[in-house]
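Participant: coords below, sequence missing:
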(Lines give C-alpha, C1' and ligand atoms only; values in the text may rest on other atoms or scores of the structure.)
Protein backbone atom coordinates (compact mmCIF):
# COMPACT_ATOMS: atom_id res chain seq x y z
CA UNK A 1 0.00 0.00 0.00
CA UNK A 2 2.85 2.35 0.79
CA UNK A 3 4.41 2.15 -2.73
CA UNK A 4 1.57 3.90 -4.66
CA UNK A 5 1.42 6.62 -1.99
CA UNK A 6 5.18 7.20 -2.32
CA UNK A 7 4.99 7.42 -6.12
CA UNK A 8 2.06 9.84 -5.93
CA UNK A 9 4.02 12.03 -3.49
CA UNK A 10 7.05 12.11 -5.80
CA UNK A 11 4.90 13.21 -8.71
CA UNK A 12 3.44 16.06 -6.67
CA UNK A 13 6.92 17.16 -5.49
CA UNK A 14 8.45 17.22 -9.01
CA UNK A 15 8.10 20.37 -11.14
CA UNK A 16 6.15 20.00 -14.34
CA UNK A 17 8.30 19.62 -17.43
CA UNK A 18 8.82 22.85 -19.37
CA UNK A 19 6.61 23.08 -22.42
CA UNK A 20 7.89 24.16 -25.83
CA UNK A 21 5.76 26.47 -27.96
CA UNK A 22 6.38 27.41 -31.58
CA UNK A 23 5.53 31.07 -32.16
CA UNK A 24 4.57 32.21 -35.63
CA UNK A 25 5.78 35.62 -36.89
CA UNK A 26 3.38 38.54 -36.88
CA UNK A 27 2.20 41.65 -35.08
CA UNK A 28 1.72 40.94 -31.38
CA UNK A 29 2.30 37.17 -31.73
CA UNK A 30 5.30 37.09 -29.40
CA UNK A 31 3.57 39.24 -26.77
CA UNK A 32 0.54 36.93 -26.89
CA UNK A 33 2.75 33.84 -26.54
CA UNK A 34 4.46 35.34 -23.49
CA UNK A 35 1.09 36.11 -21.89
CA UNK A 36 -0.08 32.50 -22.38
CA UNK A 37 3.17 30.78 -21.31
CA UNK A 38 3.91 29.30 -17.91
CA UNK A 39 7.18 30.02 -16.09
CA UNK A 40 9.90 27.74 -17.41
CA UNK A 41 8.39 27.36 -20.88
CA UNK A 42 10.43 27.68 -24.08
CA UNK A 43 9.19 29.93 -26.88
CA UNK A 44 10.66 28.91 -30.24
CA UNK A 45 10.71 31.57 -32.96
CA UNK A 46 11.08 30.93 -36.69
CA UNK A 47 12.27 33.09 -39.58
CA UNK A 48 10.17 36.21 -39.97
CA UNK A 49 9.27 39.49 -38.26
CA UNK A 50 7.86 39.63 -34.74
CA UNK A 51 6.54 43.15 -34.32
CA UNK A 52 6.79 44.56 -30.82
CA UNK A 53 7.90 45.95 -28.50
CA UNK A 54 7.44 43.17 -25.91
CA UNK A 55 7.86 42.67 -22.16
CA UNK A 56 9.04 39.32 -20.75
CA UNK A 57 7.46 39.22 -17.28
CA UNK A 58 8.00 35.58 -16.35
CA UNK A 59 10.88 33.07 -16.40
CA UNK A 60 10.98 31.95 -20.03
CA UNK A 61 13.47 30.92 -22.69
CA UNK A 62 12.96 32.74 -25.99
CA UNK A 63 15.08 31.22 -28.75
CA UNK A 64 15.28 31.33 -32.52
CA UNK A 65 17.53 31.71 -35.57
CA UNK A 66 19.03 34.99 -36.79
CA UNK A 67 16.26 35.17 -39.37
CA UNK A 68 13.72 35.60 -36.58
CA UNK A 69 13.58 39.40 -36.12
CA UNK A 70 11.97 41.05 -33.11
CA UNK A 71 11.29 44.62 -34.24
CA UNK A 72 10.34 47.41 -31.83
CA UNK A 73 9.18 49.68 -34.67
CA UNK A 74 10.92 52.72 -33.17
CA UNK A 75 9.07 52.71 -29.83
CA UNK A 76 10.94 52.43 -26.51
CA UNK A 77 13.00 49.32 -25.82
CA UNK A 78 12.38 46.36 -28.10
CA UNK A 79 12.50 43.64 -25.39
CA UNK A 80 12.20 44.55 -21.72
CA UNK A 81 12.93 41.83 -19.15
CA UNK A 82 11.18 42.35 -15.80
CA UNK A 83 11.35 38.80 -14.36
CA UNK A 84 14.26 36.72 -13.07
CA UNK A 85 15.70 33.70 -14.91
CA UNK A 86 14.83 34.81 -18.45
CA UNK A 87 16.98 33.66 -21.38
CA UNK A 88 17.08 35.19 -24.87
CA UNK A 89 19.05 33.20 -27.44
CA UNK A 90 19.97 33.34 -31.09
CA UNK A 91 17.60 35.72 -32.89
CA UNK A 92 17.78 39.35 -34.09
CA UNK A 93 16.63 42.42 -32.17
CA UNK A 94 16.13 45.76 -33.94
CA UNK A 95 14.11 48.97 -34.05
CA UNK A 96 14.32 50.59 -30.61
CA UNK A 97 13.25 54.16 -29.98
CA UNK A 98 15.73 57.04 -30.13
CA UNK A 99 15.12 58.79 -26.79
CA UNK A 100 18.40 58.84 -24.85
CA UNK A 101 16.79 60.05 -21.62
CA UNK A 102 14.76 56.82 -21.58
CA UNK A 103 17.75 54.67 -22.49
CA UNK A 104 15.82 53.05 -25.32
CA UNK A 105 17.57 49.77 -26.07
CA UNK A 106 17.37 46.57 -28.03
CA UNK A 107 17.23 44.57 -24.78
CA UNK A 108 16.64 46.13 -21.35
CA UNK A 109 17.11 44.12 -18.14
CA UNK A 110 15.22 45.88 -15.35
CA UNK A 111 15.91 45.92 -11.62
CA UNK A 112 14.71 42.66 -10.10
CA UNK A 113 15.26 40.72 -13.33
CA UNK A 114 18.13 38.70 -11.88
CA UNK A 115 20.14 35.97 -13.61
CA UNK A 116 19.09 37.04 -17.11
CA UNK A 117 20.89 35.40 -20.04
CA UNK A 118 21.26 37.26 -23.34
CA UNK A 119 23.30 35.10 -25.70
CA UNK A 120 24.14 34.81 -29.40
CA UNK A 121 21.81 37.61 -30.51
CA UNK A 122 22.28 40.04 -33.39
CA UNK A 123 21.39 43.42 -31.88
CA UNK A 124 21.35 46.06 -34.61
CA UNK A 125 19.66 49.35 -35.42
CA UNK A 126 18.97 50.33 -31.81
CA UNK A 127 19.93 53.40 -29.76
CA UNK A 128 21.54 51.33 -26.98
CA UNK A 129 22.27 47.69 -27.65
CA UNK A 130 21.80 45.91 -24.30
CA UNK A 131 20.96 47.84 -21.12
CA UNK A 132 21.60 45.88 -17.91
CA UNK A 133 19.69 48.26 -15.67
CA UNK A 134 19.61 46.91 -12.13
CA UNK A 135 19.35 43.17 -12.70
CA UNK A 136 21.93 41.15 -10.78
CA UNK A 137 24.14 38.34 -12.10
CA UNK A 138 23.27 38.86 -15.76
CA UNK A 139 25.15 36.97 -18.49
CA UNK A 140 25.58 38.81 -21.81
CA UNK A 141 27.65 36.60 -24.08
CA UNK A 142 28.59 36.08 -27.74
CA UNK A 143 26.27 38.77 -29.07
CA UNK A 144 26.96 40.87 -32.16
CA UNK A 145 25.98 44.46 -31.41
CA UNK A 146 25.97 47.00 -34.23
CA UNK A 147 25.11 50.48 -33.01
CA UNK A 148 24.21 53.69 -34.76
CA UNK A 149 26.70 55.35 -37.09
CA UNK A 150 25.12 58.81 -37.09
CA UNK A 151 27.42 61.87 -37.53
CA UNK A 152 27.31 63.07 -33.91
CA UNK A 153 28.96 60.35 -31.82
CA UNK A 154 27.82 61.73 -28.45
CA UNK A 155 24.17 61.39 -29.50
CA UNK A 156 24.51 57.66 -30.16
CA UNK A 157 23.89 55.00 -27.52
CA UNK A 158 26.21 52.47 -25.93
CA UNK A 159 26.73 48.91 -27.07
CA UNK A 160 26.26 47.52 -23.55
CA UNK A 161 25.27 49.76 -20.63
CA UNK A 162 25.66 48.31 -17.12
CA UNK A 163 24.06 50.35 -14.32
CA UNK A 164 23.95 49.21 -10.69
CA UNK A 165 24.03 45.56 -11.72
CA UNK A 166 26.45 43.56 -9.54
CA UNK A 167 27.74 40.25 -10.80
CA UNK A 168 27.36 40.99 -14.51
CA UNK A 169 29.36 38.85 -16.95
CA UNK A 170 29.99 40.38 -20.39
CA UNK A 171 31.89 37.84 -22.47
CA UNK A 172 32.94 37.43 -26.11
CA UNK A 173 30.64 40.10 -27.52
CA UNK A 174 31.47 41.92 -30.77
CA UNK A 175 30.52 45.61 -30.65
CA UNK A 176 30.82 48.12 -33.47
CA UNK A 177 29.61 51.72 -33.88
CA UNK A 178 27.64 53.69 -31.32
CA UNK A 179 29.11 55.75 -28.48
CA UNK A 180 30.88 53.52 -25.92
CA UNK A 181 31.31 49.80 -26.34
CA UNK A 182 30.80 49.00 -22.65
CA UNK A 183 29.71 51.76 -20.27
CA UNK A 184 29.70 50.63 -16.63
CA UNK A 185 28.19 53.10 -14.17
CA UNK A 186 27.74 52.63 -10.41
CA UNK A 187 28.19 48.89 -10.67
CA UNK A 188 30.47 46.35 -8.99
CA UNK A 189 31.82 42.80 -8.72
CA UNK A 190 31.61 42.02 -12.42
CA UNK A 191 33.71 40.57 -15.25
CA UNK A 192 33.99 42.05 -18.76
CA UNK A 193 36.05 39.56 -20.73
CA UNK A 194 37.03 38.76 -24.31
CA UNK A 195 34.99 41.46 -26.07
CA UNK A 196 36.00 43.01 -29.44
CA UNK A 197 35.13 46.71 -29.82
CA UNK A 198 35.64 48.88 -32.92
CA UNK A 199 34.74 52.32 -34.27
CA UNK A 200 33.53 53.79 -30.97
CA UNK A 201 34.22 56.71 -28.64
CA UNK A 202 35.50 54.57 -25.73
CA UNK A 203 35.84 50.79 -25.88
CA UNK A 204 35.33 50.44 -22.10
CA UNK A 205 34.21 53.35 -19.92
CA UNK A 206 33.96 53.11 -16.12
CA UNK A 207 32.26 55.65 -13.85
CA UNK A 208 31.95 54.89 -10.12
CA UNK A 209 32.56 51.19 -10.68
CA UNK A 210 34.15 48.94 -8.06
CA UNK A 211 35.92 45.57 -8.00
CA UNK A 212 35.42 44.73 -11.65
CA UNK A 213 37.70 42.81 -14.02
CA UNK A 214 38.36 43.95 -17.60
CA UNK A 215 40.39 41.21 -19.26
CA UNK A 216 41.35 39.95 -22.72
CA UNK A 217 39.35 42.65 -24.51
CA UNK A 218 40.37 44.20 -27.84
CA UNK A 219 39.90 47.88 -28.69
CA UNK A 220 40.67 48.86 -32.30
CA UNK A 221 40.31 52.24 -33.97
CA UNK A 222 38.36 53.89 -31.18
CA UNK A 223 38.84 57.40 -29.85
CA UNK A 224 39.94 55.95 -26.50
CA UNK A 225 40.55 52.39 -25.42
CA UNK A 226 39.98 51.78 -21.71
CA UNK A 227 38.85 54.73 -19.55
CA UNK A 228 38.72 53.89 -15.83
CA UNK A 229 37.24 56.94 -14.07
CA UNK A 230 36.18 57.58 -10.45
CA UNK A 231 36.48 53.86 -9.77
CA UNK A 232 38.16 51.58 -7.26
CA UNK A 233 39.80 48.14 -7.37
CA UNK A 234 39.62 47.61 -11.12
CA UNK A 235 41.63 44.78 -12.65
CA UNK A 236 42.74 45.73 -16.16
CA UNK A 237 44.38 42.57 -17.48
CA UNK A 238 45.73 41.46 -20.87
CA UNK A 239 43.80 43.88 -23.07
CA UNK A 240 44.80 45.27 -26.50
CA UNK A 241 44.45 48.90 -27.59
CA UNK A 242 45.44 49.03 -31.25
CA UNK A 243 45.30 52.23 -33.29
CA UNK A 244 43.08 54.12 -30.85
CA UNK A 245 43.18 57.90 -31.21
CA UNK A 246 43.64 59.64 -27.84
CA UNK A 247 44.63 57.24 -25.05
CA UNK A 248 45.04 53.51 -24.92
CA UNK A 249 44.56 53.34 -21.16
CA UNK A 250 43.39 56.07 -18.79
CA UNK A 251 43.18 56.11 -15.00
CA UNK A 252 41.30 59.23 -13.89
CA UNK A 253 40.51 59.40 -10.15
CA UNK A 254 40.96 55.62 -10.18
CA UNK A 255 42.61 53.97 -7.19
CA UNK A 256 43.88 50.53 -6.17
CA UNK A 257 43.84 49.14 -9.70
CA UNK A 258 45.89 46.22 -10.99
CA UNK A 259 47.00 47.03 -14.55
CA UNK A 260 49.03 44.26 -16.17
CA UNK A 261 49.63 42.42 -19.44
CA UNK A 262 48.13 45.15 -21.63
CA UNK A 263 49.40 46.18 -25.07
CA UNK A 264 48.87 49.71 -26.41
CA UNK A 265 50.23 50.21 -29.90
CA UNK A 266 50.15 52.67 -32.73
CA UNK A 267 48.44 55.89 -33.72
CA UNK A 268 47.68 57.03 -30.19
CA UNK A 269 48.47 60.42 -28.68
CA UNK A 270 49.03 58.92 -25.22
CA UNK A 271 49.54 55.23 -24.61
CA UNK A 272 48.72 55.66 -20.92
CA UNK A 273 47.25 58.71 -19.15
CA UNK A 274 47.29 58.80 -15.33
CA UNK A 275 45.36 61.69 -13.79
CA UNK A 276 44.97 62.01 -10.01
CA UNK A 277 45.07 58.23 -9.56
CA UNK A 278 46.62 56.60 -6.49
CA UNK A 279 47.91 53.27 -5.20
CA UNK A 280 47.80 51.50 -8.56
CA UNK A 281 50.02 48.57 -9.51
CA UNK A 282 51.12 49.00 -13.14
CA UNK A 283 53.33 46.15 -14.28
CA UNK A 284 54.34 44.11 -17.33
CA UNK A 285 52.53 46.24 -19.91
CA UNK A 286 53.85 47.26 -23.34
CA UNK A 287 53.38 50.81 -24.63
CA UNK A 288 54.55 51.23 -28.20
CA UNK A 289 54.52 53.79 -30.99
CA UNK A 290 52.56 56.60 -29.31
CA UNK A 291 53.21 60.34 -29.26
CA UNK A 292 53.60 60.04 -25.46
CA UNK A 293 54.28 56.73 -23.74
CA UNK A 294 52.86 57.77 -20.37
CA UNK A 295 51.43 61.11 -19.22
CA UNK A 296 51.52 61.27 -15.44
CA UNK A 297 49.95 64.26 -13.71
CA UNK A 298 47.67 65.88 -11.10
CA UNK A 299 49.33 64.65 -7.94
CA UNK A 300 49.06 60.90 -8.54
CA UNK A 301 50.81 59.16 -5.64
CA UNK A 302 51.91 55.74 -4.39
CA UNK A 303 51.73 54.05 -7.77
CA UNK A 304 54.13 51.21 -8.59
CA UNK A 305 55.48 50.92 -12.15
CA UNK A 306 57.68 47.94 -12.89
CA UNK A 307 58.38 45.57 -15.77
CA UNK A 308 56.69 47.77 -18.37
CA UNK A 309 58.17 48.29 -21.85
CA UNK A 310 58.20 51.75 -23.46
CA UNK A 311 59.02 51.21 -27.13
CA UNK A 312 59.62 53.92 -29.75
CA UNK A 313 57.29 56.51 -28.30
CA UNK A 314 58.11 59.98 -29.53
CA UNK A 315 58.17 61.17 -25.91
CA UNK A 316 58.48 58.35 -23.42
CA UNK A 317 57.26 60.19 -20.32
CA UNK A 318 55.47 63.45 -19.69
CA UNK A 319 55.53 64.05 -15.93
CA UNK A 320 53.90 67.29 -14.86
CA UNK A 321 55.10 67.82 -11.30
CA UNK A 322 58.11 68.63 -9.13
CA UNK A 323 58.30 65.58 -6.85
CA UNK A 324 60.90 62.86 -7.22
CA UNK A 325 59.24 59.72 -8.59
CA UNK A 326 61.00 56.34 -8.50
CA UNK A 327 59.75 53.96 -11.19
CA UNK A 328 61.34 50.71 -10.13
CA UNK A 329 60.26 48.21 -7.51
CA UNK A 330 62.44 45.79 -5.56
CA UNK A 331 65.31 46.18 -8.02
CA UNK A 332 63.20 45.79 -11.16
CA UNK A 333 62.46 48.80 -13.33
CA UNK A 334 61.09 49.18 -16.84
CA UNK A 335 62.47 48.86 -20.36
CA UNK A 336 63.11 52.11 -22.26
CA UNK A 337 63.93 51.82 -25.96
CA UNK A 338 65.87 55.13 -25.93
CA UNK A 339 68.13 54.20 -22.99
CA UNK A 340 71.69 53.53 -24.27
CA UNK A 341 72.71 51.24 -21.45
CA UNK A 342 75.14 48.42 -20.68
CA UNK A 343 74.74 45.36 -18.49
CA UNK A 344 78.25 44.27 -17.58
CA UNK A 345 77.23 41.70 -14.97
CA UNK A 346 74.51 40.16 -17.17
CA UNK A 347 71.71 40.36 -14.61
CA UNK A 348 69.22 41.88 -17.06
CA UNK A 349 69.29 45.27 -15.35
CA UNK A 350 71.11 48.24 -16.87
CA UNK A 351 74.18 49.55 -15.08
CA UNK A 352 72.95 53.17 -15.25
CA UNK A 353 69.67 54.75 -14.22
CA UNK A 354 67.19 56.23 -16.68
CA UNK A 355 65.74 59.71 -16.46
CA UNK A 356 63.32 60.66 -19.26
CA UNK A 357 62.84 64.39 -18.65
CA UNK A 358 64.82 67.45 -17.63
CA UNK A 359 64.04 71.09 -16.85
CA UNK A 360 63.92 71.98 -20.56
CA UNK A 361 61.11 69.47 -21.07
CA UNK A 362 59.10 71.17 -18.33
CA UNK A 363 59.70 74.55 -19.95
CA UNK A 364 58.55 73.23 -23.32
CA UNK A 365 55.36 71.77 -21.80
CA UNK A 366 54.43 75.05 -20.15
CA UNK A 367 55.75 77.34 -22.93
CA UNK A 368 55.40 75.59 -26.30
CA UNK A 369 56.84 78.61 -28.12
CA UNK A 370 60.21 77.79 -26.52
CA UNK A 371 60.54 74.88 -28.97
CA UNK A 372 61.94 77.42 -31.44
CA UNK A 373 65.08 77.51 -29.29
CA UNK A 374 65.48 73.75 -28.93
CA UNK A 375 68.68 73.62 -30.98
CA UNK A 376 70.26 76.77 -29.54
CA UNK A 377 73.61 76.69 -27.68
CA UNK A 378 71.91 77.98 -24.51
CA UNK A 379 69.49 75.02 -24.40
CA UNK A 380 72.27 72.55 -25.13
CA UNK A 381 74.35 74.07 -22.32
CA UNK A 382 71.47 73.63 -19.84
CA UNK A 383 71.02 70.02 -20.85
CA UNK A 384 74.75 69.31 -20.67
CA UNK A 385 74.95 70.78 -17.17
CA UNK A 386 72.00 68.68 -15.95
CA UNK A 387 73.50 65.53 -17.41
CA UNK A 388 76.91 66.06 -15.79
CA UNK A 389 75.66 67.69 -12.59
CA UNK A 390 72.48 65.83 -11.57
CA UNK A 391 72.02 68.05 -8.52
CA UNK A 392 70.75 70.75 -10.88
CA UNK A 393 67.88 68.56 -12.06
CA UNK A 394 64.34 69.34 -10.90
CA UNK A 395 62.05 66.71 -9.39
CA UNK A 396 60.82 64.12 -11.82
CA UNK A 397 60.77 60.48 -12.85
CA UNK A 398 63.79 58.24 -12.34
CA UNK A 399 64.11 54.54 -13.04
CA UNK A 400 67.03 53.23 -10.98
CA UNK A 401 66.91 49.69 -12.39
CA UNK A 402 65.95 49.88 -16.08
CA UNK A 403 65.58 46.57 -17.86
CA UNK A 404 67.72 45.51 -20.80
CA UNK A 405 65.04 43.54 -22.63
CA UNK A 406 61.37 44.34 -23.23
CA UNK A 407 58.54 41.94 -22.69
CA UNK A 408 56.68 40.87 -25.82
CA UNK A 409 52.91 40.55 -26.20
CA UNK A 410 51.73 38.70 -29.30
CA UNK A 411 48.66 39.81 -31.25
CA UNK A 412 46.54 37.00 -32.79
CA UNK A 413 46.72 36.92 -36.61
CA UNK A 414 42.98 37.46 -37.01
CA UNK A 415 43.27 40.75 -35.07
CA UNK A 416 46.19 42.06 -37.13
CA UNK A 417 43.85 42.56 -40.09
CA UNK A 418 41.58 44.84 -38.06
CA UNK A 419 44.62 46.77 -36.86
CA UNK A 420 45.76 47.29 -40.45
CA UNK A 421 42.31 48.62 -41.40
CA UNK A 422 42.43 51.18 -38.58
CA UNK A 423 45.98 52.35 -39.32
CA UNK A 424 46.20 55.97 -40.41
CA UNK A 425 42.53 56.81 -39.99
CA UNK A 426 43.15 59.69 -37.58
CA UNK A 427 45.55 61.34 -40.00
CA UNK A 428 42.62 61.52 -42.41
CA UNK A 429 40.66 63.66 -39.96
CA UNK A 430 37.97 61.19 -38.84
CA UNK A 431 37.38 62.79 -35.46
CA UNK A 432 33.56 62.98 -35.06
CA UNK A 433 32.60 65.35 -32.24
CA UNK A 434 34.21 63.92 -29.13
CA UNK A 435 37.00 65.38 -27.00
CA UNK A 436 38.68 62.71 -24.91
CA UNK A 437 40.89 65.27 -23.17
CA UNK A 438 37.87 67.11 -21.75
CA UNK A 439 37.58 65.05 -18.58
CA UNK A 440 34.41 66.88 -17.44
CA UNK A 441 32.50 65.77 -20.56
CA UNK A 442 32.54 62.02 -19.90
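Facilitator: Perfect, I can see it now. Bear in mind the structure is a predicted one, so any value in this text is a computation, not a measurement. Residues are numbered from 1 along each chain as shown.
Participant: Just confirm residue 420 is within a strand.
Facilitator: No. Counting by DSSP: H, G, I helix; E, B strand; the rest coil, residue 420 is located in no strand; its state is helix.
Participant: Tell me how far the residue nearest to residue 297 when sequence neighbours are not counted lies from residue 39.
Facilitator: Nearest non-adjacent residue to residue 297, counting by C-beta to C-beta, 6 or more residues apart in numbering: residue 320, 4.1 Å away. Every residue, glycine included, has its C-beta placed from N, CA and C. For residue 320, the distance to residue 39 (C-beta to C-beta, to the nearest Å) stands at 59 Å.
Participant: Check the separation of the first and last residues in stretch 281-288.
Facilitator: End-to-end distance for stretch 281-288, by C-alpha to C-alpha, to the nearest Å: 19 Å.
Participant: And the contacts of it?
Facilitator: By C-beta atoms under 8 Å, 6 or more residues apart in numbering, the residues outside stretch 281-288 that reach it are 248-249, 257-266, 271-272, 293-294, 303-313, 329, 406-409.
Participant: Among those residues, which lie within strands?
Facilitator: If you go by DSSP state E, the contacts of stretch 281-288 have 248-249, 258-260, 263-265, 271-272, 293-294, 304-306, 309-311 in strands.
Participant: Put the buried members of those residues into a PyMOL selection.
Facilitator: The PyMOL command for the buried members of the ones in strands among the contacts of stretch 281-288 (criterion: 16 or more other C-beta atoms under 10 Å) is given here:
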select buried, resi 248+249+259+260+263+264+265+271+272+293+294+305+306+309+310+311
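Participant: how about low-confidence regions in this structure?
Facilitator: 1-17, 298, 357-395, 428-442 (pLDDT under 70).
Participant: Now do the helices in it.
Facilitator: Secondary structure of the chain by DSSP state H: the helices cover 2-13, 29-36, 359-366, 377-388, 413-422.
Participant: What distance do you get for the nearest residue to residue 37 once chain neighbours are set aside to residue 118?
Facilitator: The shortest distance from residue 37 to any residue other than its chain neighbours is 5.7 Å, reached at residue 60 (C-beta to C-beta, 6+ apart). Remark: distance between residue 60 and residue 118 (C-beta to C-beta) = 13 Å.
Participant: Mutual contacts of those two, please.
Facilitator: Common contacts of residue 60 and residue 118 (C-beta under 8 Å, 6+ apart): residue 87.
Participant: In terms of neighbours, single out the busier of the two.
Facilitator: Neighbours were counted for residue 60 and for residue 118 using other C-beta atoms under 10 Å; residue 118 has more, 28 against 24.
Participant: list the contacts for the more buried one?
Facilitator: Per C-beta under 8 Å, 6+ apart, neighbours of residue 118: 87, 88, 107, 109, 130, 138, 139, 140, 141, 143.
Participant: Roughly how far does the fourth one sit from residue 310?
Facilitator: Distance, residue 109 to residue 310, by C-beta to C-beta: 42 Å.
Participant: Verify the stated contact: residue 92 with residue 120.
Facilitator: No. Counting by C-beta atoms under 8 Å, residue 120 is not a contact partner of residue 92; they are 10.6 Å apart.
Participant: Compare these two (neighbour count), which wins?
Facilitator: Comparing residue 92 with residue 120 by other C-beta under 10 Å, the one with more neighbours is residue 92, at 23 against 16.
Participant: Please name the bridge partners of that one.
Facilitator: Applying DSSP bridges to residue 92 gives these bridge partners: residue 69, residue 122.
Participant: returning to what we had before: ok, the contacts of residue 118 vs residue 224, which is closest?
Facilitator: For these, the closest approach to residue 224 (C-beta to C-beta) belongs to residue 130, at 21.1 Å.
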